[in-house]
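K.L.:
No letters, just coordinates:
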């Protein structure tokens with residue numbers, strides 16, 4: 001006999017059952033709920049879609065070993081778009097469930113991952129929660145507990161230093177008090193250096209990180225072919241087409257090892273399958289592939305589809321940012337957000353003036369759309385670049401001859417200024433003449449204005465009106481005084 005109010009007792013029991021329930025066990029085979037289409041476009045795979053998650057078998061096994069072998073913390077990192085979230089949900093979690101050793105909890109970091117843990121794992125109010133009151137026997141069922149924190153980079157975007165410090169302290173308390181709890185932290189590669197802000201992550205843990213690479217060509221072939229084995233989708237590829245898609249998408253950094261960007265592969269396969277449905281056919285043929293423009297044509301079309309999600313003003317801004325990342329020689333070029341802001345303000349007319357915040361916001365959207373990627377260079381500086389050469393051809397359609405000439409002049413000028421900064425060399429007069437022609441369109445920094453004046457007075461024959469113009473441009477410019485002394 002339990003002496004208690006029946007309603008209150010059952011209500012309390014129900015709340016405890018809710019707390020105890022981690023991610024549900026994964027069912028095997030065809031009983032899994034499959035999505036309507038076999039390719040995920042740019043969406044991540046869910047846990048119940050693991051039957052469709054192909055090409056990552058070795059990586060799943062390696063990550064599982066890393067997690068099980070870690071003392072308390074393991075880490076997963078990759079470039080944006082390589083599939084960390086899919087790897088976790090459709091790869092690692094089902095593999096962990098098969099061991100029957102783990103209570104697994106998945107959370108998305110947000111600006112404060114500690115609050116996410118308290119509310120979503122412990123089902124407590126973060127504002128009143130105390131670790132001392134936590135009783136693991138009431139919370140967990142299995143031998144070990146794994147809390148997966150995905151997209152950990154989010155906590156660096158909006159959280160001030162004081163919040164970062166508070167998160168750090170709470171994490172240390174949790175791990176010290178409950179040694180059976182372990183963490184898997186998933187973070188974008190370009191944010192990896194930020195982890196040094198956390199004391200609970202020591203050097204050994206950071207150095208033992210699992211890095212997810214792009215797909216090998218053999219793995220990408222599985223991603224394309226394996227979904228055709230599901231009767232529910234009822235489709236196939238014409239002989240030789242899969243090999244052609246792999247060839248068209250493959251990239252080689254060292255002319256030895258070729259790889260495929262997972263997000264680009266999903267985009268191409270998704271559009272091919274959608275076209276098949278539109279035609280009410282069952283075989284994705286070479287003819288369909290060619291009519292869509294092959295891989296490059298499909299990806300170029302995706303650019304337009306991505307920008308359609310925004311109003312006219314931000315569509316224009318998105319195109320301008322992409323144009324900034326193409327050189328006058330039609331190659332990809334890396335730039336910081338500061339460089340992009342500077343160039344856009346140089347090009348802006350009175351109808352299209354954007355704030356730095358608007359530009360940075362749109363850069364992030366282009367990164368999320370897999371059109372732009374980030375890369376960390378010397379001293380932790382972050383630069384942005386196009387994800388693939390195919391984007392350049394589409395961008396060229398947006399640029400007229402005059403725009404290309406202006407881009408060429410701007411690039412040559414900043415190359416000369418860079419040489420001046422290093423070697424104190426003067427810009428050739430013929431290049432100065434081009435700069436003079438575009439002076440009203442280039443948004444010069446005070447240092448650059450000073451450099452131009454110095455170049456002009458060093459020439460044997462300079463125009464007095466031009467000299468007067470640059471003197472006025474350098475009025476109250478402290479950099480100019482220092483350069484002229486040189």
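P.N.:
Arrived safely. Note that the structure is predicted; figures quoted are calculated from it, not measured.
K.L.:
so what's residue 310 up against?
P.N.:
Applying Cβ atoms under 8 Å, 6 or more residues apart in numbering, we find residue 310 in contact with 318, 365. The C-beta positions use only the backbone N, C-alpha and C, and glycine is treated the same way.
K.L.:
Now do it against residue 81, distance only.
P.N.:
20 Å (Cβ to Cβ, to the nearest Å).
K.L.:
Residue 107 too?
P.N.:
When residue 107 is compared with residue 81 (using Cβ to Cβ), they lie 21 Å apart.
K.L.:
Looking at the two, which one has more neighbours?
P.N.:
Neighbour count, other Cβ atoms under 10 Å: between residue 107 and residue 81, residue 81 has more, with 20 against 17.
K.L.:
so where is the stretch 1-150 of the chain shaky, pLDDT-wise?
P.N.:
Counting by pLDDT under 70, the stretch 1-150 of the chain has low-confidence residues at 1-32, 138.
K.L.:
give me the low-pLDDT residue ranges for the stretch 151-300 of the chain?
P.N.:
For the stretch 151-300 of the chain (pLDDT under 70), the answer is 157-159, 203-207, 253-256.
K.L.:
What ranges does it have for its helices?
P.N.:
Secondary structure of the stretch 151-300 of the chain (DSSP state H, counting those that start in this stretch): helices at 155-158, 161-177, 203-207, 217-225, 241-249, 262-279, 286-291, 294-307.
K.L.:
Out of the ones you listed, which gets nearest to residue 137?
P.N.:
Ranking the helices of the stretch 151-300 of the chain by their distance to residue 137 (criterion: Cβ to Cβ) puts helix 161-177 first, at 13.7 Å.
K.L.:
dump the residue contacts of residue 418.
P.N.:
The contact partners of residue 418, by Cβ under 8 Å, 6+ apart, come to none.
K.L.:
What are the buried residues along whichever strand or helix holds it?
P.N.:
Using DSSP states H and E, residue 418 sits in helix 401-423. By neighbour count on 16 or more other Cβ atoms under 10 Å, the buried set for helix 401-423 is 406-407, 409-410, 412-414, 416-417, 420.
K.L.:
number of nearby residues for residue 257?
P.N.:
For residue 257, the neighbour count with other Cβ under 10 Å is 12.
K.L.:
and it, what does it touch?
P.N.:
So residue 257 contacts nothing (Cβ under 8 Å, 6+ apart).
K.L.:
From residue 250, how far out is it?
P.N.:
When distance is defined by Cβ to Cβ, residue 257 is 10 Å away from residue 250.
K.L.:
and the residue lying closest to residue 199 once chain neighbours are set aside, how many residues sit next to it?
P.N.:
Nearest residue to residue 199, sequence neighbours excluded (Cβ to Cβ, 6 or more residues apart in numbering): residue 168, at 5.4 Å. A total of 16 residues lie near residue 168 under the criterion other Cβ under 10 Å.
K.L.:
element containing the residue positioned nearest the centre of the chain, please.
P.N.:
Nearest to the mean C-alpha position of the chain, by Cα atoms, centre = their mean, lies residue 80 at 3.1 Å. Using DSSP H and E, residue 80 sits within no helix or strand.
K.L.:
For it, list the residues it contacts.
P.N.:
188, 190, 367-368, 370, 373-374.
K.L.:
Which member of these is positioned nearest residue 448?
P.N.:
Nearest to residue 448 among the contacts of residue 80, counting by Cβ to Cβ, is residue 374 at 26.0 Å.
K.L.:
isn't that closest one right up against residue 387?
P.N.:
No - when contacts are counted by Cβ atoms under 8 Å, residue 374 is not listed as touching residue 387 (10.3 Å).
K.L.:
Those two - which one has more neighbours?
P.N.:
residue 387 (22 against 19).
K.L.:
need the contact list for the more buried one.
P.N.:
Applying Cβ under 8 Å, 6+ apart to residue 387 gives the contacts 81, 261, 263-264, 370-373.
K.L.:
Relative to residue 210, which of those is nearest.
P.N.:
Nearest member of these to residue 210, counting by Cβ to Cβ, is residue 81, at 17.2 Å.
K.L.:
gap between the closest residue to the closest one other than its chain neighbours and residue 105?
P.N.:
Ranked by Cβ to Cβ, 6+ apart and with sequence neighbours excluded, the top spatial neighbour of residue 81 is residue 263, at 3.9 Å. Per Cβ to Cβ, residue 263 is found 27 Å from residue 105.
K.L.:
Repeat that for residue 367.
P.N.:
Remark: distance between residue 367 and residue 105 (Cβ to Cβ) = 28 Å.
K.L.:
Downstream of whichever strand or helix holds residue 317, the next helix or strand is which one?
P.N.:
For residue 317, the host element (DSSP H and E) is helix 312-324. Using DSSP H and E, the helix or strand that follows helix 312-324 in sequence is helix 337-347.
K.L.:
Counting by contacts, list what that following helix packs against.
P.N.:
helix 312-324, helix 356-368, strand 382-386, helix 401-423 (3 or more Cβ pairs under 8 Å, 6 or more residues apart in numbering; DSSP states H and E).
K.L.:
how far off helix 312-324 does the last one point, in degrees?
P.N.:
Same thing as helix 401-423. Interaxial angle, helix 401-423 versus helix 312-324 (axes from the mean of the first three to the mean of the last three Cα atoms, to 10 degrees): 50 degrees.
K.L.:
Could you point out the helix or strand that follows helix 401-423?
P.N.:
Downstream of helix 401-423, the first helix or strand assigned by DSSP H and E is helix 429-437.
K.L.:
Following element in sequence after that following helix, please.
P.N.:
Going down the chain from helix 429-437, the next helix or strand is helix 446-458, by DSSP H and E.
K.L.:
Would you mind listing the buried residues in the helix or strand following that following helix?
P.N.:
Once the chain leaves helix 446-458, the next helix or strand it forms, by DSSP H and E, is helix 464-473. Neighbour counts using 16+ other Cβ under 10 Å place 466, 469-470, 473 of helix 464-473 among the buried residues.
K.L.:
Likewise for stretch 360-371?
P.N.:
Of the residues in stretch 360-371, those buried (16+ other Cβ under 10 Å) are 362-363, 365-367, 369-371.
K.L.:
possible to save the residues you listed as TSV with distance to residue 453 and pLDDT?
P.N.:
Formatted as TSV, those follow (distance: Cβ to Cβ, whole Å; pLDDT from 0 to 100):
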residue	distance to residue 453	pLDDT
362	34	95
363	33	94
365	39	91
366	37	92
367	38	89
369	42	84
370	44	79
371	39	87
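K.L.:
of all those residues, which two lie farthest apart?
P.N.:
Farthest-apart pair in these is 362 and 370; separation 14.6 Å (Cβ to Cβ).
K.L.:
Wait, residue 148 touches residue 107, no?
P.N.:
Yes - look at residue 148 against residue 107 with Cβ under 8 Å: they come within range, at 7.0 Å.
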